[in-house]
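Visitor: fold the following and give me the result.
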Amino acid sequence: MPENTEILNTVRAALMSEPSVGLATHPIELHYDEGTLTLEGEVASVAAKKLALEAAAAVPGVTGIVDRVRVAPAQPMGDGAIRDELRRAFLQEPAFAGFAIRETAKGRTESVSEPPRRDGTIEYEVADGIVTLNGQVPGIGHKRLAGVLA
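Guide: Down below sits the predicted model:
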């Protein structure tokens, strides 16, 4: 148990050393169990989230991360409005032109785009303001782009 406390203290120190993460105004809860670190909370920007995850991953003893860090919305929106924005963003993004795009709402999945030549699949769902992405994409670049758009 002292080892867990030591790792959590090291992660907290790493997060505090990144001013952009803003722990004073956006606290992040940390849980550590057998190499896996769970981060949970809300940060001000995508950059702050990325810095927090990178700082935590660099701590010796952390072999896996469960990312439950959310980015504070620029403006509050309901689930329907978020789905509308996601649909528009995925359909307008040229990198996803050959992707099947599917949307789940209230337990029903509907096709948004089913191109004849399929390069990948993106499925999204919004529940209580939280976006969940599933699917298969050809590379990390597409995965990151989908995450940034979401």
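
Visitor: ok so T25 is a helix residue?
Guide: No: applying DSSP: H, G, I helix; E, B strand; the rest coil, one finds T25 to be coil, outside a helix.

Visitor: name the nearest residue to D79, sequence neighbours excluded.
Guide: V126 (4.4 Å; C-beta to C-beta, 6 or more residues apart in numbering). Where C-beta positions appear, they are placed from N, C-alpha and C, glycine not excepted.

Visitor: now swap in A47 and tell me
Guide: S20 (6.2 Å).

Visitor: stretch 104-118: how far from the chain's middle?
Guide: 21 Å (C-alpha atoms, centre = their mean, to the nearest Å).

Visitor: let me see the mean pLDDT of it.
Guide: Across stretch 104-118, pLDDT averages out at 89.

Visitor: could you do stretch 139-150 as well?
Guide: 90.

Visitor: what comes up buried for that stretch?
Guide: Going by neighbour count (16 or more other C-beta atoms under 10 Å), the buried part of stretch 139-150 is H142, K143, L145, A146, L149, A150.

Visitor: secondary structure element holding R12?
Guide: helix 2-16 (DSSP states H and E).

Visitor: tell me the helix or strand right after that helix.
Guide: strand 28-33.

Visitor: then that next one to CSV, C-alphas only?
Guide: In CSV, the C-alpha atoms belonging to strand 28-33 read as follows (Å, rounded to 0.1, in the frame of the first residue of the first chain):
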residue,chain,number,x,y,z
ILE,A,28,-8.4,15.4,-11.1
GLU,A,29,-9.1,12.4,-9.0
LEU,A,30,-6.5,9.7,-9.1
HIS,A,31,-6.8,5.9,-8.3
TYR,A,32,-4.0,3.4,-8.7
ASP,A,33,-4.2,-0.4,-8.6
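
Visitor: who's in contact with the lowest-mean-pLDDT helix or strand in the chain?
Guide: The weakest-scoring helix or strand in the chain, judged by mean pLDDT, DSSP states H and E, is helix 2-16 (a mean of 87). Under the contact criterion C-beta atoms under 8 Å, 6 or more residues apart in numbering, helix 2-16 has outside partners 21, 23, 28, 30, 32-33, 37, 52, 55-56, 58-62.

Visitor: out of these, who's nearest E103?
Guide: A52 (29.1 Å; C-beta to C-beta).

Visitor: list the contacts for that closest one?
Guide: Counted by C-beta under 8 Å, 6+ apart, A52 has contacts L15, E18, V21, I28, L39, V43, V69.
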